[in-house]
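Asker: Quick check, what structure comes out for this input:
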Amino acid sequence: MSGTNGFSVSGYGPERSAWARLTARDSLVRRLDWPILLSALALSLIGTALVYSATRNRTELNQGDPYYFLFRHVLNTGIGLALMVGTIWLGHRTLRTAVPILYGLSVFLVLLVLTPLGKTINGAHAWIVLGGGFSLQPSEFVKITIILGMAMLLAARVDAGDKEHPDHRTVFQALCLAAVPIMVVMLMPDLGSVMVMAVIVLGVLLASGAPNRWVFGLLGAGAAGAIAIWQLGILDEYQINRFAAFANPDLDPAGVGYNTNQARIAIGSGGLTGTGLFHGSQTTGQFVPEQQTDFVFTVAGEELGFVGAGLIIVLLGVVLWRACRIARETTELYGTIVAAGIIAWFAFQSFENIGMTLGIMPVAGLPLPFVSYGGSSMFAVWVAIGLLQSIRVQRPMSA
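Answerer: Below you'll find the model as predicted:
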């Protein structure tokens, strides 16, 4: 029965479907994890200012346009946000069914790097040239597919109720899945990405409840592999020099140790409140190489001081804290493993990036999540935020 105002009294008909859509949208907004989203946005906004400060005077890089990197960084962030929205819309469970396709595509892309399409930047042959000044770093997306692929395998029988924990065969299959792209990335060589992927694998195993012997075995294999890589001379000379400079900062302060020494000078000169945005002498004088990417934290340390640099660390801490909460609250092992892999990724990469600018970690060429300039990295971290949001949104209401 309908009233004279045209609305269905019984609650059926198009009016109800419109109300249901409105309610669903409202429910989605309420269920989003706003602290993690706002913290990631704040990091990207801070990164925009730091990237502009680091590149506006570098005519050899910005092609004479002081806004060159600024516009591209904003564009990368916008695309990243769109990818996050798309990931939430698809949902981590839908992506679970597409893992074989995504995994195959990511392996294909990293293999392309080893072809003439690959490009060497800063000693690492890790990029694919797309034309028009754009390039792609496939190893950033491999981090995501390793997380999703291992989670799919490790959680399949547990979420189905057949097992309480992954068995040995499943763990072996998951490790083989991760090993294929990791070995390809090692051939580039992109040691920094390999380090992150190894930590991701370890974090995924710990979260899955895999037998402890696999965790200890992986740690032992990692140590043995590192020694073998060093002894067999697989690393390039510039990578060996980076580790040598880390072990002895005074080894060659004008050569291999230059980046780290200048980074520490820049951060130390900032004091408590910094020299002011766009007023850093080290940044303006272009003393720190790759300051818009790997060493963007030095801009914060110099121009925003301890307060500004500390704010970045706090915001990263909020992202990790909320991600841990999402991992803990989900009722499915698959969601827990995906969240744990992202936590391991963000935590290690942030620590390594900030640590290398302070001289407490070796230089590994890793960007600071959400802050550093770089399209591939920005796209990947925002997809990861979309996965975390999807896990939270799709959890049962009682969780």
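Asker: For R157, give me its contacts.
Answerer: Contact partners of R157, counting by Cβ atoms under 8 Å, 6 or more residues apart in numbering, are 163, 166-167, 170. Just so you know, the C-beta spots here come from the backbone N, C-alpha and C atoms, and that holds for glycine as well.
Asker: CSV please, covering the residues you listed and showing distance to G268 and neighbour count.
Answerer: Shown next, in CSV, are the contacts of R157 (distance: Cβ to Cβ, whole Å; neighbours: other Cβ atoms under 10 Å):
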residue, distance to G268, neighbour count
K163, 53, 15
P166, 47, 26
D167, 52, 16
T170, 49, 20
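Asker: could these be laid out in TSV, adding pLDDT and distance to L333?
Answerer: Listed next are the contacts of R157 as TSV, based on pLDDT from 0 to 100; distance: Cβ to Cβ, whole Å:
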residue	pLDDT	distance to L333
K163	73	10
P166	85	9
D167	83	13
T170	90	12
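Asker: taking these one by one, which sit in helices?
Answerer: T170 (DSSP state H).
Asker: between the contacts of R157, which is closest to T284?
Answerer: P166 (53.4 Å; Cβ to Cβ).
Asker: Just put the contacts of R157 in JSON lines and tack on distance to T145.
Answerer: Formatted as JSON lines, the contacts of R157 follow (distance: Cβ to Cβ, whole Å):
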{"residue": "K163", "distance to T145": "24"}
{"residue": "P166", "distance to T145": "19"}
{"residue": "D167", "distance to T145": "23"}
{"residue": "T170", "distance to T145": "18"}
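Asker: Which of the contacts of R157 lies at the shortest distance from Q292?
Answerer: Once Cβ to Cβ is applied, the member of the contacts of R157 that ends up nearest Q292 is P166, at 41.6 Å.
Asker: surely that closest one meets M152?
Answerer: No: P166 is beyond contact range of M152, at 11.4 Å (criterion: Cβ atoms under 8 Å).
Asker: can you pull the buried residues of stretch 66-83?
Answerer: By 16 or more other Cβ atoms under 10 Å, the buried positions in stretch 66-83 come out as 68-70, 72-74, 76-77, 80-81, 83.
Asker: ok, residues contacting that stretch?
Answerer: If you take Cβ under 8 Å, 6+ apart as the criterion, stretch 66-83 is touched by 44, 47-48, 51-52, 54-57, 61-62, 292, 373-375, 378-379, 381-383, 386.
Asker: Of these, keep whichever come out buried.
Answerer: 44, 47-48, 51-52, 54-56, 62, 292, 373-375, 378-379, 381-383, 386.
Asker: quick one: the strands in the stretch 101-250 of the chain?
Answerer: Using DSSP state E, counting those that start in this stretch, the strands of the stretch 101-250 of the chain run over 118-121, 124-131, 134-136.
Asker: Including mean pLDDT and mean neighbour count, could those strands go into TSV?
Answerer: Output for these, formatted as TSV (pLDDT from 0 to 100; neighbours: other Cβ atoms under 10 Å):
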stretch	mean pLDDT	mean neighbour count
strand 118-121	76	14
strand 124-131	76	17
strand 134-136	80	16
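Asker: can you list the ones you listed in TSV and add distance to W321?
Answerer: Shown next, in TSV, are those (distance: least, Cβ to Cβ, whole Å):
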stretch	distance to W321
strand 118-121	33
strand 124-131	31
strand 134-136	31
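Asker: still on that earlier bit, what residues are shared contacts of P166 and M152?
Answerer: By Cβ under 8 Å, 6+ apart, no residue touches both P166 and M152.
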